[in-house]
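J.: Any chance you could fold what I've pasted below:
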Amino acid sequence: MDILPLNIHSCGRGHKKEWFQQIRRDFNPAVVAIQETKCGTIDDSWMESVWLSPKFKFKKKEAVGFSGVMFLIWDTNTFNANQAIKGEFYLVIKGHWVGIVEEIAIVNVYSPHSHSKKLRFWKELESLINFKDMLWIICGDFNEKQDEKNVKLTLKNWCGSVLKNLDSDITEHAKTFEKWDLIAESRSLTDAELSFWLNERKIWLEKEKLKLNMLKKKARIKWALEGDENTKYFHKFIRHRNNKNAIHGLSINGVWSEDPKEIKDEVFRYYSNLFKRGSSINTGSLNFNASLISHEGNEMLEAPFCEAEIWHVIQCCGSTKSPRRHRFNHKFYTKYFWLIKEDLKIALDWFWSNYEISRGCNASFITLIPKKSNPVALGEYRPHHSHWKLL
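T.: Numbers count the residues shown, from 1 in each chain. Model (predicted):
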């Protein structure tokens, strides 16, 4: 992105026009942010003469004090602006940069000298930035006297105080949370233990969110430019989303509970009763004159499984579906069918002869997907099964 902030210290002088034109020739910026023109107004002909191209647009903010009018000029072949916002000490244009999907806001700043006005200005700008999640680029004259070395030192100290040992803290709190989660599976937790377990989870999730936000800021420009999904931020975001979607509490018989053992017992009880429910069939509505299969079709259904039939079923299954507990998906069966086909045939022949499946062979995972935001009861979740099976 070729964005050039430029404090021109008065554009009324004759040589400033030639100076600006030379900058355009040498650097060819797509966007120029101009401050301190020391002019009350500048006409369109002056802007066209310095830009050296008819394909441009600009926005200006009227003069405040002696600093003069403020400008943002951009090349319409590179940036398409659709909104402008004016503040006392800033000018914002929002739009899209060619080749980047995410919306971008470019802020031209001429900060006041007064400390109290600076605080008011930055609070106003902070509120504007937090109002909408997009890519923000801030440039201009901040009227700060700190040198580059002091700025870097300040940033380094801030990062050290906020992010020091963040990764190790996340790992430590996650291990403590998982440890008490396992304890809660074997026995009920006391009030003190439950309070400690919930506090550990809260601290863990807060630190995860802080780490996610920092990675988001670091990866945002690269992600927008390159469209790279295989980034640390991307995977951290997925883990944070999984933590957020976890069931942290349920309403059990009208009482809210966050005890993990009570939650797991309630889930087991709820779905055990759900799958055990019988259903009566109204035989009067059945059509006993339905067509019957032929004798040849009946023999085909009762025939033992053949290798061609097994291979056809494997090919019809999704090869990239989620793996089961043994960590293999169906791509394994398609790739190594030549190696395991005899064992598969033996297993399926045994089922054909004995008409039963060993306990555990047909087990699978069920994912509970919330039907709405902030669900409180199991009836507000939708069970989803995502595995293909050969049998």
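
J.: going forward, measure contacts between C-alpha atoms and count neighbours the same way
T.: Will do.

J.: any idea how far the helix or strand where Ile129 lies is from the chain center?
T.: Ile129 belongs to helix 115-131 when assigned by DSSP states H and E. Its chain's C-alpha centre lies 27 Å from the corresponding centre of helix 115-131 when counted by C-alpha atoms, centre = their mean, to the nearest Å.

J.: and the residue lying farthest from the centre of the chain, how far is that from Glu302?
T.: Most distant residue from the mean C-alpha position of the chain: His295, 57.1 Å away (C-alpha atoms, centre = their mean). His295 sits 11 Å away from Glu302, going by C-alpha to C-alpha, to the nearest Å.

J.: what does Lys123 give?
T.: Per C-alpha to C-alpha, Lys123 is found 77 Å from Glu302.

J.: ok, these two, which is more surrounded?
T.: Using other C-alpha atoms under 10 Å, the more surrounded residue of Lys123 and Glu302 is Lys123, with 12 against 9.

J.: Strands along the protein, start to end?
T.: Using DSSP state E, the strands of the chain run over 3-7, 31-35, 56-61, 70-75, 79-86, 90-97, 104-110, 135-141, 250-252, 255-257, 367-370, 381-384.

J.: pLDDT on the fourth one, on average?
T.: When you say that, I think you mean strand 70-75. Averaged across strand 70-75, the pLDDT comes to 89.

J.: same question, the fifth one
T.: What strand 79-86 shows for mean pLDDT is 90.

J.: leaving aside the residues next to it on the chain, what's closest to Ile263?
T.: Nearest residue to Ile263, sequence neighbours excluded (C-alpha to C-alpha, 6 or more residues apart in numbering): Leu250, at 6.5 Å.

J.: Give me the phi and psi for Pro54.
T.: Per-residue torsions, Pro54: phi -80, psi -10 (degrees, to the nearest 10).

J.: How about it: what's its closest non-neighbour residue?
T.: Pro54 sits nearest to Glu48 (C-alpha to C-alpha, 6+ apart), 6.8 Å away.

J.: ok, the one you found - how many residues close by?
T.: Neighbour count of Glu48, defined by other C-alpha under 10 Å: 14.

J.: Number the residues from 131 up from this point.
T.: All right, first residue 131 from here; so that's Glu178.

J.: hang on, isn't it packed against Lys187?
T.: No. Counting by C-alpha atoms under 8 Å, Lys187 is not a contact partner of Glu178; they are 9.3 Å apart.

J.: Need the pLDDT of Leu521.
T.: Reported pLDDT for Leu521: 61.

J.: quick revisit: looking at the helix holding Ile259 now, give me its mean pLDDT.
T.: 84.

J.: elements contacting it?
T.: With contacts defined as 3 or more C-alpha pairs under 8 Å, 6 or more residues apart in numbering; DSSP states H and E, helix 245-261 has no helix or strand neighbours.

J.: And Glu432, how close does it get to Gln213?
T.: For Glu432 relative to Gln213 (C-alpha to C-alpha), the value is 71 Å.

J.: Repeat that for Leu182.
T.: 24 Å.

J.: Which of the helices and strands in the protein ranks last by mean pLDDT?
T.: When each helix and strand of the chain is scored by mean pLDDT, DSSP states H and E, helix 362-375 comes last, with a mean of 60.

J.: Apart from its chain neighbours, what residue comes closest to Phe251?
T.: Nearest one to Phe251, counting by C-alpha to C-alpha, 6+ apart, is Phe219 at 7.0 Å.
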